[in-house]
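J.: Provided below for reference: sequence and predicted model.
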Amino acid sequence: MITTSNRQTVSRIAKKSIKANRMRSLMIVCAVVLTTLLLTSVFTLALSINKSMESASMKTSGSDYHGSFKYLNQDEVHKLIQHPSIKEYSRATVVGDVSSGAFKSNRIEINYVDENYPEHSFIHFTEGGLPSGENEIAMNTWELDLLGAPHKLGTTVSLDIDIDGSTGDKVISQDFVLSGYFEADQYVAMSGLAFVSEAFVKQNIADIDPAQSKANGSYTNTTRLEVMFNNSLDIEGKIQKVLSDTGLDVPYGVNWAYSSVSIFDDWTNIIPYVLLILIIMLSGYLLIYNIFHISVVRDIKFYGLMKTIGTTPKQLRKLISIQANWLYIVGLPIGLILGYGVGYWLTPMLATSFSSIEMEASYSVNPIIFIGAALFSYLTVRIAASKPGRTASRISPVEAVKYAGISGSNSSKKIKRSLGGAKLSRMSMGNLLRNKKKLFLMLASLSLSIILFSIIYTVIASFDVNKYLNTFISGDFVVKEESFDRRGSSTTDEYMLSEEVADILRTIDGVESLDKVYFKFNTLPIDDTIAAVLEPLSAAPSPDPYISYILESGSIQQYIYGIDKGWYDVLKQSDILEGTFDRDKFESGDYIMVSQATLAEDEEASYYHPGDKIKLGDKGKSYEVMAVLKSEALIAAGTMSFSSGGNVYFPAKELKSTFTESQILSVTLHTDPAKLDQVDRTVRAFADASKGLTVRSRDDYKQELAGFMNIFKTIGYGLSFIIGLIGVLNYINTVITGVVSRRNEFAILESIGMTKKQMKRMLVYEGFYSIMFSALIVGTLGMFLTYSIAKTISDNMAFTVFRMNVWPIVGVIVILFGIAYVVTIIAYRMLSKATIVERLREAE
């Protein structure tokens, strides 16, 4: 057989087919645009929010390096940095720590670091830089504040550096000159950092054996090597490969801030993204496939004629795939641009709304966004076009002449007989069911969009305003110190929320009562009780790196609160995990309540239990644990943040006497409802006149929730609208092309006596039946999926109380009945433009 090169011919035919079917081509391009838009926006949102959260988490972990090798000597450092996998690195040598005097409750770690360290550790010097002279040091501003030293280069600071943590006998007391200073958050890391020079290291600790200091637990003169690889995928695997190649056996750490770390620990983290992508692909597939399938059925005689003149099945498949590819190329750039724009627009809203940590939006331009969206969109188009292509290639010329697009017809099927004659309702049902595949695709597309809308609506309807408000505010107004919003405490010279201010607020006309919350940040050394909880968690098969980080630090952070009696009513029985709350015993001052500690993303633990004794405060008094609370209990009374040591709750008067440096965190005002507006104006005017105070009302938080819900609605309803639009387009295309492809059949029915009114009624019945089938699917499987998925989402979100509501779905079904009627009438009018004779002649 002689083969000929006819690619150009097939391409020309494909091009002419696209021009001849402009409406079909436009609908496919629209489907590609919608599918690509959704995929691109999902990829953009996922990667941008991931980048934002990684940036925020890195500031807590202290570095953007992928990992680190710990407690090294210089020979081990030299061997590791020669490995080709390590692209960047920095060295940090442990010198000692300062934990006495002003730093008794705020330990400072003294290190020598190289010039690469600050850039990767988010250290930006306000003035100066790393030290070079033997008597120079670089510190952060809060460390200088504790020393009472000015923020000025050349300032002299005196420090006692303990270089033997096991005994504390070896202490270097020296006056240092400030070479540079930088801003840092006092409560982000477990300890502060200060940097000395290489000259200081050589002069004072060079003779200390790293192996010996490692053995005694001081780690003086050991080096931590921070490293960066090509990418953040499987960091631990890369580190282990480096150790295997170098033959070293040293401790290492993985930067838990990178999302890839958690992904490799638990692949289930990516399941929601995979499901969302599959839903989008399925929606696009249903529309694109149906359009091509109906197009092939309608033009099947054309493909049969093509075969009679020698066109091979492969060429026919190629003909359809070329059309799909060209239409994909047209729609792809539009979808990518619009999708990235939507993702870019939504990122800052989601970044501030869905994360419990404060972070700035970071926009990702990762090529994966566009490559992934383009790839999944292309797969959708090719899969959707492949089956219609095979249908066109398999049919013979003789079959093509007789083909009517009706699958499942069988000559052996029994003839239906009826005593009542041919009823329009039965004829409509028979017409609908004779092409079950086409019906399934149409119903799947419609039902998918309704079910998605139902899930999103149910989640939104489950938002509870009162539950949200009770999380943030217990009264009508809350007055806070601005600096608490930043780092959970305030320095004395900046402090504005004093007892005098509270007394002034109490005297405002309309204020019925006032509740204060006192705050104290506390660092508690890890004892046997705490270690008994942490060590088993760190020894787990896939431990969270943060737990190891806590153990290495040697202490846990505690947020200690003193609450007035008004807060007792806020505490609910459901907030108590162990023990009971007794007002009178709690007021005695001998009891405290503790909350669970937040140790990782999904890891919470209780160090103490009812009856345990904890020694706290400046006087060293022991307090008995009355109850253990959930971590989110009394969250409105606190700093809205969690700690590795959990929260501790005292009666307000007891905290004031126990910790001399405690400060007022917030003042909550309960007002006369009739004077609410008057109090609002007075309190805000007072706060404006007093530098450093902020005021929030219940209405402020209501508006905040409304903004959050608007974001959720925009994204959720936008997604369901687009997928719903795909479903409606699929339905419209199915109905119109179905009527057009059956025009000869309808002409025959009219020729034997069916009136135009009966014809129109039969078509309307068909449209209504298809909506009724959709309603049946949504009312059974859809309700089950809505309940299961929406309840799971609601149970895992704060501020929600699950509520099931079917009325919106009923409303959507009613709208679909209206669409079905309108589309059917339009299709019938298109059909009735030609006379019966003209339609009968088309079959000849």
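T.: Cool, got the structure. Residues are numbered from 1 along each chain as shown.

J.: in this structure residue 198 contacts residue 112, no?
T.: Yes. Judged on CB atoms under 8 Å, residue 198 makes contact with residue 112 at a distance of 5.8 Å. Yep, even glycine has a C-beta here, placed from its N, CA and C like the rest.

J.: okay, the two: which has more neighbours?
T.: For the pair residue 198 and residue 112, the greater number of neighbours falls to residue 112 (23 against 16), based on other CB atoms under 10 Å.

J.: who's the more buried one bridged to?
T.: residue 93 (DSSP bridges).

J.: for residue 671, same thing?
T.: With DSSP bridges applied, residue 671 shows beta-bridge pairing to residue 511.

J.: quick one: it and residue 511 touch, right?
T.: Yes. Judged on CB under 8 Å, residue 671 makes contact with residue 511 at a distance of 5.6 Å.

J.: looking at the two, which is more packed in?
T.: With other CB under 10 Å as the criterion, residue 671 and residue 511 differ in neighbour count, and residue 671 comes out ahead with 23 against 20.

J.: ok, how many other residues are close to residue 87?
T.: Applying the criterion other CB under 10 Å, we find 11 residues in the vicinity of residue 87.

J.: how much space separates it from residue 255?
T.: For residue 87, the distance to residue 255 (CB to CB, to the nearest Å) stands at 15 Å.

J.: cool, and residue 325?
T.: Noted for residue 325: a distance of 43 Å to residue 255, by CB to CB.

J.: now do the same contact list for residue 95.
T.: For residue 95, the set of contacting residues under the criterion of CB atoms under 8 Å, 6 or more residues apart in numbering consists of 110, 111, 112, 161, 163, 196, 200, 201, 204, 205, 220, 221.

J.: chain center to the helix or strand in which it is found: distance?
T.: In the assignment (DSSP states H and E), residue 95 maps to strand 88-98. Its chain's C-alpha centre lies 34 Å from the corresponding centre of strand 88-98 when counted by CA atoms, centre = their mean, to the nearest Å.

J.: same check on stretch 445-465?
T.: 19 Å.

J.: mind listing what's buried along that stretch?
T.: The neighbour-count check on stretch 445-465 (16 or more other CB atoms under 10 Å) flags 445-464 as buried.

J.: can you tell me which of the residues you listed are in helices?
T.: 445-461 (DSSP state H).

J.: run through the residues that contact residue 210.
T.: When contacts are counted by CB under 8 Å, 6+ apart, residue 210 is found next to 71, 72, 73, 221, 222, 223.

J.: please repeat the previous calculation with a cut-off of 6 Å.
T.: Remark: with contacts taken as CB atoms under 6 Å, 6 or more residues apart in numbering, residue 210 is in contact with 73, 221, 222.

J.: from residue 214, how far out is the last one?
T.: From residue 222 over to residue 214 the distance is 6 Å, taken as CB to CB.

J.: now the common contact residues for those two.
T.: Common contact partners of residue 222 and residue 214 (CB under 6 Å, 6+ apart): residue 71.

J.: can you list the low-confidence ranges for the stretch 301-450 of the chain?
T.: Filtered on pLDDT under 70, the stretch 301-450 of the chain yields the residue ranges 349-362, 398-422.

J.: great, nothing more from me.
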